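K.L.:
Below are the sequence and a predicted model for it; my questions follow.
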Amino acid sequence: MVAPMVASAPPPSIRERIAAAIVEAAARLFAEQDGQASMGEVAAAAGISRATLYRYFPSRELLLEKLAQVSLSETGERLAAARLEQVPIPEGLTRAVGALVTVGDHYIVLAREHVQPDPAQFEQQLAAPLRALLERGQAAAEIRTDLSATWLTEALLGLVASGLLSADTHGAEEAVAAVASLFLEGARAGPAGT
């Protein structure tokens, strides 16, 4: 019997691999150096020349835009894989924070550089899944209702960014536990749902 052929994605092209290497190098260096790394340092870390870097990303702004796209895509994939809708609210929040923390350097750079990602991509891949989790918690009287789910989503994202920026004193697991616990205690519904 012949096994059925399974369609697989084609391997990334050389151009795609180089672009990915540049984005990864930029995320790492910008996070390590508080955004102060030069484009020349990014090129060296990616193992390419400055001229090659500028052929891919003619400016720092375009590199940061690509970093935002990659970050949102990875975060969206991790949030979807976390199956937030299938677990209790506290576990969902811990999984959501874990998904954000594991994006790591990308998220740190976006927070520090105040990069404005594509609003539609941000909504679909990041804000909507988090807001849905918080709305479910509000409907179950587990999350306070005196604050909107949108406000709580933004607060959670800010708390994760703060936790990552101080992660030099904490490992990833400790950062996830601290952020999830701190957020949940502040967002937990009290008497009469507030």
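P.N.:
Yep, it's here. All figures in this text were calculated on a predicted structure; none of them were measured in a lab. Residues are numbered from 1 along each chain as shown.
K.L.:
Now tell me what touches the helix or strand of the chain with the lowest mean pLDDT from outside.
P.N.:
Ranking every helix and strand in the chain by mean pLDDT, DSSP states H and E puts helix 105-113 at the bottom, with a mean of 75. Here helix 105-113 makes contact (C-beta atoms under 8 Å, 6 or more residues apart in numbering) with 26-28, 30-32, 34-35, 64, 67-68, 70-71, 74-75, 100-101, 115, 117, 160-161, 164-165. Backbone N, C-alpha and C define where each C-beta goes, glycine included.
K.L.:
Arg60 and Val42, how far apart?
P.N.:
9 Å (C-beta to C-beta, to the nearest Å).
K.L.:
What of Leu72?
P.N.:
20 Å.
K.L.:
cool, Asp34 as well?
P.N.:
14 Å.
K.L.:
where's Ala37, which helix or strand?
P.N.:
For Ala37, there is no host helix or strand (DSSP states H and E).
K.L.:
Would you confirm that it contacts Phe30?
P.N.:
Yes. Here Ala37 reaches Phe30: they are 5.6 Å apart, a contact under C-beta atoms under 8 Å.
K.L.:
got the buried residues for the least confident helix or strand of the chain?
P.N.:
Using 16 or more other C-beta atoms under 10 Å as the test for burial, helix 105-113 gives Asp105, His106, Tyr107, Ile108, Val109, Leu110, Ala111, Glu113.
K.L.:
Understood, closing this out.
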